[in-house]
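J.: Please work out how this folds:
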Amino acid sequence: MNTLRALSTSALLLSLLALGCGKSAADGPQAAAAIGAGKSPTAAATEGGAKQRAARGAEHAVFSLGDNRLLAHALAGGGLVLRPGHASFAKYTRFARAAGRWSERAVIDGHAVARPESYAQFDVPLAADEAARAKVIALRVHAPAAQRVTVMAGGQAAGAAELVPGWQTATIAVANGRLVAGENNLQLVWGKGARPGIAWIQVGGASAIDAAPVGWDKDAFALGDGAGLAWYVQVPKDGRLVGDVVGDGCKIDVRVTAHGSATLTGTLSGAGGAVELGALGGQVARLELVAGGCPSTRLANAALALPGAAPSVTAAKRPKNVIFWIMDSLRADRVPTFMPGARPETPVFDRLATTGAAFQSNYTQGNESRASHASLWTSQFVGNHRMIPGGEKTVSSRWFTLGEAMKRAGLYTSGVSANGYITAKWGFGEGWDAYRNHIHDGGGVTGAAILGKGIESLTQKKDAPFFLYLGTIDTHVSWRAKEPWFSKYDPKPYSGKFQTELTGLEAEKFAKSKQRPSERDIERIVAIYDSNVSYQDDLLGKLFEQLTAWGIADDTMVIVTADHGDEQWEEGRVGHGGSTRESVVRVPLLIHYPPLFPGGNIDEGVDTLDVLPTIYDALGQKPDDEWQGESLLPLAQGRGRGYPRPSITSQYEFAWAMRLGGWKVRVAGSGVPDLFHIAKDPLERTRLTDDRPVERRFLTDAFSLFLANQKVWRKRVHGVASNMTAAGAEALEGR
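T.: Numbers count the residues shown, from 1 in each chain. All right, here's what the predicted structure looks like:
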């Protein structure tokens with residue numbers, strides 16, 4: 001029995017395995033002894049390392065390689081090494097949505113494995129040099145009986161192996177060119193009988209390795225000679241790679257490759273080392289670290305860092321009152337604050353953004369009212385609250401919702417809405433002192449009517465702490481023209497059907513058929529919509545006028561967002577619920593309360609389910625343990641900025657999308673992603689999935705990890721899928 005087999009139940013081994021690329025007793029007869037003896041690398045920092053760091057000046061990490069070890073790709077033997085039995089394997093499984101799946105992880109002889117179905121597939125990325133030297137695919141596998149395994153690459157047979165009962169390393173030769181630079185779809189096809197357990201898979205290399213010589217030991221990576229790790233990252237502007245290398249003669253060779261750019265190389269050695277990455281700042285790149293110079297290298301405190309001290313977060317004056325306004329069906333790209341050059345005039349939005357936080361990459365979690373409002377009310381992703389067709393009929397009473405939270409915080413709670421779904425019948429009625437839904441209770445459905453009733457409901461309560469929810473529907477069909485803006489936006493003569501209105505019935509007819517209005521009709525209809533964008537902006541100004549007249553503007557936090565947007569025939573559809581395109585899922589988010597939310601744009605991605613935790617945090621309240629969102633207060637004050645964060649949405653849980661930095665990926669049931677450079681292609685018309693493999697991996701690694709863990713993901717604990725916390729990595733490793 002080798003050393004690691006003897007230690008298979010120890011916490012050390014579990015932490016090694018959790019990286020998805022550490023040693024296991026299943027690694028074979030040449031597995032090395034357990035790593036971990038000796039001093040912590042942090043404690044081993046030398047005086048020279050301290051001097052190096054001091055010479056660089058203050059710096060702070062924006063992406064910890066250790067905390068994000070589940071996003072790492074293990075390198076050994078000239079190829080990649082995958083651990084099907086561990087959390088890191090999620091990034092290879094097409095979001096766990098494709099046919100040919102892997103079963104739940106299992107344990108054989110104390111070793112973590114996965115048992116594939118009779119046909120199981122996975123995708124792996126290979127760099128050009130890895131593909132050029134790819135000769136084998138090897139499996140460390142436990143077979144319950146003699147059986148045959150066939151490996152398919154790109155839909156063609158790449159080879160087969162006969163398995164005998166028990167543990168073994170099955171090596172399959174791969175013909176030249178069968179594995180290619182970029183993404184490789186591989187399939188394992190098994191004969192009849194009990195399913196085997198797979199401990200690791202090596203893809204590429206000249207020959208099979210004896211073990212997977214990469215691990216995570218408490219607070220450092222442990223790398224055998226020639227072994228390494230690769231991450232797909234966005235290089236921060238002015239960023240550098242930092243880390244402490246421990247071991248006599250040990251070094252870490254660094255190679256950073258981005259599309260269309262020269263490869264950047266460097267070396268980390270000793271404590272306090274750094275490699276400047278500014279030449280690739282702002283680009284998505286493959287960051288590769290390979291150990292050498294000694295038999296075993298330890299790498300601690302490895303991170304992408306920026307100059308300057310980490311921003312501090314202040315809990316300055318708390319707001320006394322909160323107003324939360326949902327402008328139904330308001331697209332972010334029609335508000336100049338969120339899309340410079342957009343036609344509608346929105347001077348109030350623009351002015352408030354100078355003293356409030358404008359979140360530029362904000363997604364709603366569902367692409368229609370019930371799902372999106374449920375996420376706003378519960379701070380749950382759609383996969384949890386299930387307010388979708390075939391799912392829950394109402395918001396479950398198990399969730400701690402918006403009205404309940406505001407009531408517990410000691411606020412008088414009033415709500416006024418013209419969205420017919422937002423009622424007690426659908427589960428949105430908990431915690432309100434006063435509530436009106438104008439679809440059901442009458443009173444007019446214009447924004448002016450909703451705002452008027454909202455103000456009226458506070459007249460006797462304006463001196464007490466209050467929470468007011470406003471739900472206006474002027475940008476939701478039916479669209480009715482508003483002056484003086486409409487005449488500005490479409491001054492040309494028009495003799496068609498849509499003089500001043502597109503009714504809901506007409507919009508529904510267009511949505512359900514392939515019939516399309518004329519281009520002139522569309523021009524007219526869009527002008528009607530845009531007039532309502534300006535109309536709601538004007539109402540927002542009237543709200544602040546009232547708060548100022550009452551003398552409470554400085555004590556009131558105002559949050560404005562939307563439940564979704566609307567397509568307007570950009571791709572042949574009108575309305576919402578039909579896609580996860582930007583026009584539907586990217587919505588404004590403005591938080592105005594200068595003492596806690598400094599003015600300006602925030603580019604990092606956020607989700608509307610973050611609104612409830614944000615309000616609660618601003619009020620000084622402890623968040624609910626089950627909320628999946630997190631407070632945006634630290635982000636608004638600078639903490640967590642400097643590295644892309646994702647925005648995530650769902651279409652009834654049969655399609656999903658994630659935006660990360662300037663890129664977006666959409667995925668449906670097949671598990672095959674569609675990649676778009678959303679910063680340059682906001683209408684998502686040019687699919688780049690096969691043309692930009694580095695950017696594809698940057699998104700799919702994070703998105704796969706999230707979707708595999710959506711039900712348990714808590715941003716406050718786990719961080720975000722593109723940038724996890726230490727606690728988050730440990731929690732997912734233990735699943």
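J.: Report the central residue of the chain.
T.: Centroid-nearest residue in the chain, with CA atoms, centre = their mean: Pro646, separated by 3.3 Å.
J.: Tell me the bridge partners for that one.
T.: For Pro646, the beta-bridge assignment (DSSP bridges) gives partners Leu660.
J.: what's it in contact with, if anything?
T.: Shown in contact with Pro646 (CB atoms under 8 Å, 6 or more residues apart in numbering): Gly605, Met658, Arg659, Leu660, Ala702, Phe703, Phe706, Val720, Ala721, Ser722. Quick note: C-beta positions are derived from backbone N, CA and C, even for glycine.
J.: What of Glu288?
T.: By CB under 8 Å, 6+ apart, the residues touching Glu288 are Leu75, Ala127, Gly228, Leu229, Ala230, Val254, Arg255, Val256, Thr257.
J.: Just the local confidence number for it, please.
T.: Here the pLDDT value assigned to Glu288 is 98.
J.: ok, back up a step: so can I have JSON lines of the contacts of Glu288 showing neighbour count?
T.: As requested, the contacts of Glu288 are exported to JSON lines (neighbours: other CB atoms under 10 Å):
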{"residue": "Leu75", "neighbour count": "26"}
{"residue": "Ala127", "neighbour count": "20"}
{"residue": "Gly228", "neighbour count": "25"}
{"residue": "Leu229", "neighbour count": "26"}
{"residue": "Ala230", "neighbour count": "22"}
{"residue": "Val254", "neighbour count": "20"}
{"residue": "Arg255", "neighbour count": "19"}
{"residue": "Val256", "neighbour count": "23"}
{"residue": "Thr257", "neighbour count": "19"}
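J.: In helices, which of those residues fall?
T.: For those, not one is inside helices, with DSSP state H as the criterion.
J.: With distance to Val189 and pLDDT added, can I get those in a markdown table?
T.: Shown next, in a markdown table, are the contacts of Glu288 (distance: CB to CB, whole Å; pLDDT from 0 to 100):
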| residue | distance to Val189 | pLDDT |
| --- | --- | --- |
| Leu75 | 27 | 96 |
| Ala127 | 27 | 94 |
| Gly228 | 31 | 97 |
| Leu229 | 30 | 98 |
| Ala230 | 28 | 98 |
| Val254 | 38 | 98 |
| Arg255 | 35 | 98 |
| Val256 | 37 | 98 |
| Thr257 | 33 | 97 |
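J.: Looking at those residues, which is nearest Pro465?
T.: Leu229 (50.8 Å; CB to CB).
J.: Which residue is the nearest non-sequential neighbour of the closest one?
T.: Ala72 (4.5 Å; CB to CB, 6 or more residues apart in numbering).
J.: Per-residue pLDDT of the one you found, please?
T.: We have a pLDDT of 98 for Ala72.
J.: Give me the neighbour count for it.
T.: Per other CB atoms under 10 Å, the neighbour tally for Ala72 reads 25.
J.: For it, give its distance to Gln168.
T.: Ala72 is 27 Å from Gln168, where distance means CB to CB, to the nearest Å.
J.: okay, and for the stretch 51-200 of the chain, where does confidence drop off?
T.: Flagging of the stretch 51-200 of the chain using pLDDT under 70 yields the residue ranges 98-100.
J.: what do you get if the cut-off is 90, keeping everything else the same?
T.: Where the stretch 51-200 of the chain drops to pLDDT under 90, the residues are 51-57, 94-106, 110-111, 116-120, 154-157, 175-178, 190-195.
J.: Which parts of it are helices?
T.: With DSSP state H, counting those that start in this stretch as the criterion, the stretch 51-200 of the chain has helices at 128-132.
J.: How about the stretch 601-735 of the chain?
T.: 611-618, 633-636, 693-708, 715-718, 726-733.
J.: got it, and the stretch 251-400 of the chain?
T.: Going by DSSP H, counting those that start in this stretch, the stretch 251-400 of the chain shows helices at 347-355, 369-378, 382-385.
J.: now those as TSV including distance to Ser88, mean pLDDT and mean neighbour count?
T.: Output for the helices of the stretch 251-400 of the chain, formatted as TSV (distance: least, CB to CB, whole Å; pLDDT from 0 to 100; neighbours: other CB atoms under 10 Å):
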stretch	distance to Ser88	mean pLDDT	mean neighbour count
helix 347-355	40	98	18
helix 369-378	28	98	29
helix 382-385	21	97	24
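J.: For those helices, give me JSON lines that also has distance to Glu483.
T.: Below are the helices of the stretch 251-400 of the chain laid out as JSON lines (distance: least, CB to CB, whole Å):
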{"stretch": "helix 347-355", "distance to Glu483": "17"}
{"stretch": "helix 369-378", "distance to Glu483": "27"}
{"stretch": "helix 382-385", "distance to Glu483": "38"}
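J.: Got the domain ranges for this structure?
T.: Domain assignment for the chain by automatic domain parsing gives 56-68+221-307, 78-204, 321-639.
J.: What is the burial count for the nearest residue in space to Ile108 that is not next to it in sequence?
T.: Distances taken as CB to CB, 6+ apart put Gly197 closest to Ile108, at 4.5 Å, once the chain neighbours are dropped. Neighbour count for Gly197, taken as other CB under 10 Å: 26.
J.: Would you agree Gly197 is in contact with Val141?
T.: Yes. Gly197 lies in contact with Val141 (CB atoms under 8 Å); the separation is 6.9 Å.
J.: mind listing the strands for the stretch 1-150 of the chain?
T.: Using DSSP state E, counting those that start in this stretch, the strands of the stretch 1-150 of the chain run over 59-64, 73-76, 79-82, 102-108, 111-116, 119-126, 136-143, 147-153.
J.: which one of those strands lies closest to Gly599?
T.: Gly599 sits nearest to strand 59-64 of all the strands of the stretch 1-150 of the chain, at 22.3 Å, using CB to CB.
J.: helices or strands next to the closest one in the packing?
T.: strand 240-246, strand 296-307 (3 or more CB pairs under 8 Å, 6 or more residues apart in numbering; DSSP states H and E).
J.: mind checking how far stretch 263-283 is from the chain centre?
T.: 26 Å (CA atoms, centre = their mean, to the nearest Å).
J.: buried sites along it?
T.: Across stretch 263-283, burial judged by 16 or more other CB atoms under 10 Å covers 264, 266, 268-275, 277, 280, 283.
J.: Pull out the C-alpha coordinates of it and format them as PDB.
T.: In PDB, the C-alpha atoms belonging to stretch 263-283 read as follows (Å, rounded to 0.1, in the frame of the first residue of the first chain):
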ATOM      1  CA  THR A 263       2.800  35.500 -26.000                       C
ATOM      2  CA  LEU A 264       4.000  37.100 -22.800                       C
ATOM      3  CA  THR A 265       6.500  35.100 -20.700                       C
ATOM      4  CA  GLY A 266       8.100  35.400 -17.300                       C
ATOM      5  CA  THR A 267       9.300  33.600 -14.300                       C
ATOM      6  CA  LEU A 268       8.300  33.500 -10.600                       C
ATOM      7  CA  SER A 269      11.000  32.500  -8.100                       C
ATOM      8  CA  GLY A 270      11.500  33.000  -4.400                       C
ATOM      9  CA  ALA A 271       9.100  34.900  -2.200                       C
ATOM     10  CA  GLY A 272       7.500  38.100  -3.400                       C
ATOM     11  CA  GLY A 273       8.000  37.400  -7.100                       C
ATOM     12  CA  ALA A 274       6.000  39.200  -9.800                       C
ATOM     13  CA  VAL A 275       5.500  39.100 -13.600                       C
ATOM     14  CA  GLU A 276       4.200  42.300 -15.100                       C
ATOM     15  CA  LEU A 277       1.100  41.600 -17.400                       C
ATOM     16  CA  GLY A 278       0.300  45.200 -18.400                       C
ATOM     17  CA  ALA A 279       1.100  44.400 -22.100                       C
ATOM     18  CA  LEU A 280      -2.000  42.200 -22.200                       C
ATOM     19  CA  GLY A 281      -4.100  44.400 -19.900                       C
ATOM     20  CA  GLY A 282      -7.800  44.200 -20.700                       C
ATOM     21  CA  GLN A 283      -7.500  41.100 -22.800                       C
END
